[in-house]
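[1] Pasting a predicted model and its sequence here:
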Amino acid sequence: MSAAIVRAKPVVIRGGTVVDPVDDREYAADIALEDGLISAIGTVPDRFRSARTIDARGLLIAPGLVDLAARLREPGYEYKATLESELAAAVAGGVTSLACPPDTDPPLDEPGLVEMLKYRAQTLALSRVYPVGALTQALAGERITEMAELNEAGCIAFSHADHPVTDTRVLLRTMLYAASFDFPVWLRPQDPHLARGGVAHGGEVATRLGLSAIPVCAETIAIDTLVTLARVTGARVHLCRLSTAEGVAQVRAARAGGLAITCDVAIHHVHLCDRDIGYFDAQSHLVPPLRSVRDRDALRAALADGTIDAVCSDHTPVDDDAKQLPFAQSEPGATGLELLLPLTLKWATEMSLSRARALSRITCAPARILGVPAGRLTLGAPADLCLFDPIEDWVVSPQTLVSQGKNTPFAGLPMVGRVRHTIVGGEAVFSRGAGWSIPTT
Amino acid sequence: MTRNPQLDQHGVLRHLLSIDGLPRETLLNILDTARPFVSVAEREVKKVPVLRGKSVFNLFFENSTRTRTTFEIAAKRLSADVINLNIDASSASKGESLLDTISNLSAMDADMFVVRHAQSGAPFLIASHVREGISVINAGDGRHQHPTQALLDMYTIRHYKQSFTGLTVTIVGDVLHSRVARSQIHALSTLGVPEIRVVGPKTLVPDSFAQLGVRVFNRMEDALVGVDVVSMLRLQNERMDGGLLPSAQEYYKSYGLTAERLALARPDAIVLHPGPMNRGVEIESSVADGSQSVILPQVTFGIAVRMAVMSILAVR
């Protein structure tokens, strides 16, 4: 945490409604923030001398959102996005903590790179950035990285992003090594051979459009392997971006068998399916591929019943040139940091879930996976907050998105719920519209 | 899902990109329009002035002699100016993006683009970026569609069988990688063919094709019994390298159309092939040259059907 954040001036938030994702409740309360921590919830004494007051009437006060996967594109892909642009997008989306995958260029496989990233992020003093280190050197799937050094430099977990580990023995050894230090291993389950060359779910849409398929068994076989290796190695495994109904069932079965395994899903996969590819819309070219309606419904239900712990933005800014290509040649991915909150709220409404319960999937649950003290509104907790208007509607467009990545299948669609203030370590790092007032005392 | 990009807001054909999503009337209109064009070829002066003053650009991002030539003949018989561009050898290799190439060619006052591309969906991308007034005809995109081929097949079937209702049609071969098969399946079902069969080994004919409304067979003999039309697909050489099929010989043994196997079909069954044929790999010479083969009439009708498509798009 940077010094600037620690010295944050006292702030009081009055008139809002607290959404508590841990205890699944909403209640009216004022909140005071001091020294970067939450110092009062409920009634804030009138004598509390704040440097700033935030008028939160009509707003919900949630813990700052925690995103398990947001690509910031630095280093290496600055023409797609920069740390500045994407951390600005993060706070505009209410995301106060995020994990960034190691698939930068060069990949996050050296402590120096990680330290530089952490330092740059701290200088910007926006969201808290938690790098995920590369599991193998250069993400080549051959040699183990210096995990202990990388962890010291700030890596909270190790992953292979979307790069394949084709050699199962390498996978076994990296997991054994990580388990020696109890480092979490985050892996996206996909058999590299079965997925090779594929760009769409192996179903009716890919058959009709003549797109190379990624079959469901590419995921299920990989989950079988990873579950087995998790048992054998004792590694703490987190499965990233589940995409199939069968995969959800496998996780459920592994848990029932006593394995402590966690998993997440990308927010796009909670709402979209392969039919959304329409007439080769490259904006719906995602990794893993959008699957069938049945898969999507299973993911939605599993996220609600807790089989899937968390939902992430899987934020991937892609430049127009890389999207304006025939579907299979276009670069996969979608921008997501600013859509995570409204799309989670939309899911909650459609599933008849309470807002607090829904928000747990983007606050306390991912924070637990990250192993950081975020995602909850309690006395003494870090003052990371997201204040949003739950009924404000807005339309997704290049103009309304802060991210440099304007690539999203939701372009032109209306969203309900908009972030008004984002606070990190007691500092208001983002505000949209009115709501500030100077204390009268 | 967005509106079908090949139709305008009144449902009129604006581009021909895919058979999928085209109404029956549109397909029949193309077939009906083609009929008088067949006789143009029999005249002394094989030209009509429908496309006089119009420029047709043949944009072939993938090599093809046959299809490009038939489009060229069709456009010339309609009195259009034809420009052939083999893009594989020009801009693409210099790193120019597909859409930059299209913008440049649009600025050359093109009226029509005939596009072949190795990527499924490329003509949709092109159609969404051309200026208003330019029509795009898909001349084959990856594994996706080859609509004019299917239309000429439909013309051929109607010519010999008069109607589509009551027919059983079997498509044989590498359905998985075939744009011709996908277009045929949509055309046949739209025109009311009650039974469409596909046959081949599971590596080339996945069960997922049942989702397109066809019956999937893996034994050639079963698939041929009692059929009216046998449509053969070309087997690409790269499929025979052991990845999907062990060898051309074994393929022929199991799925080659021999006279003996053809005898399982109805006695008046016709045999189609989009060409070029691999004799002795997918079809026996005696069948290819036999009385039930309509492979050469297909080529003749192909020019008329492409003339029909171009004239419909030009006068919309």
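    Thanks, I have the structure now.
[2] domain parsing for the chain?
    If you meant another chain, say so; for now it's chain A. For chain A, the structural domains run A:3-62+A:386-391+A:417-437, A:64-370, going by automatic domain parsing.
[3] think we crossed wires, I meant chain B
    What automatic domain parsing lists as the domains of chain B is B:24-146+B:300-314, B:147-294.
[4] Can you add mean neighbour count and distance to chain A and give the ones you listed back as CSV?
    Just so you know, the C-beta spots here come from the backbone N, C-alpha and C atoms, and that holds for glycine as well. Formatted as CSV, the domains of chain B follow (neighbours: other CB atoms under 10 Å in any protein chain shown; distance: least, CB to the nearest CB, whole Å):
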stretch, mean neighbour count, distance to chain A
domain B:24-146+B:300-314, 19, 3
domain B:147-294, 19, 4
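[5] In terms of mean pLDDT, which of those ranks lowest?
    Of all the domains of chain B, domain B:24-146+B:300-314 carries the lowest average pLDDT, namely a mean of 92.
[6] Can you measure across that domain, start residue to end residue?
    Terminal residues of domain B:24-146+B:300-314 lie 20 Å apart, using CA to CA, to the nearest Å.
[7] what about that domain, distance to the chain center?
    Relative to its parent chain, domain B:24-146+B:300-314 has a centroid offset of 13 Å by CA atoms, centre = their mean, to the nearest Å.
[8] Counting neighbours, what do you get for residue A:167?
    Residues near residue A:167, counting by other CB atoms under 10 Å in any protein chain shown, number 13.
[9] make that residue A:411, sorry
    Neighbours of residue A:411 under the rule other CB under 10 Å: 17.
[10] Would you check that it makes contact with residue A:397?
    Yes: here residue A:411 reaches residue A:397: they are 6.5 Å apart, a contact under CB atoms under 8 Å.
[11] Let me know the helix or strand that residue A:109 is in.
    For residue A:109, there is no helix or strand it lies in under DSSP states H and E.
[12] Quickly find the element holding residue 311.
    This is for chain A. strand A:310-312.
[13] hm, I was asking about chain B
    Judged by DSSP H and E, residue B:311 forms part of helix B:295-314.
[14] ok, residues contacting stretch A:412-421?
    Outside of stretch A:412-421, the residues within contact range by CB atoms under 8 Å, 6 or more residues apart in numbering or on different chains are A:54, A:56, A:59, A:92-94, A:338-339, A:341-343, A:345-346, A:349, A:385-397, A:428, A:430-433, A:435.
[15] how about the helices in chain B?
    Applying DSSP state H to chain B gives helices spanning B:24-40, B:66-77, B:98-106, B:122-127, B:147-161, B:179-190, B:220-224, B:248-255, B:259-262, B:285-288, B:295-314.
[16] Next, count neighbours for residue A:193.
    Residues within reach of residue A:193, counting by other CB under 10 Å, total 10.
[17] Please tell me how far it sits from chain B.
    According to CB to the nearest CB, to the nearest Å, residue A:193 and chain B sit 12 Å apart.
[18] List the contacts of the nearest residue to that residue once chain neighbours are set aside.
    Excluding its sequence neighbours, the residue lying closest to residue A:193 (CB to CB, 6 or more residues apart in numbering or on different chains) is residue A:166, at 7.3 Å. For residue A:166, the contacting residues are A:141, A:192-193, by CB under 8 Å, 6+ apart.
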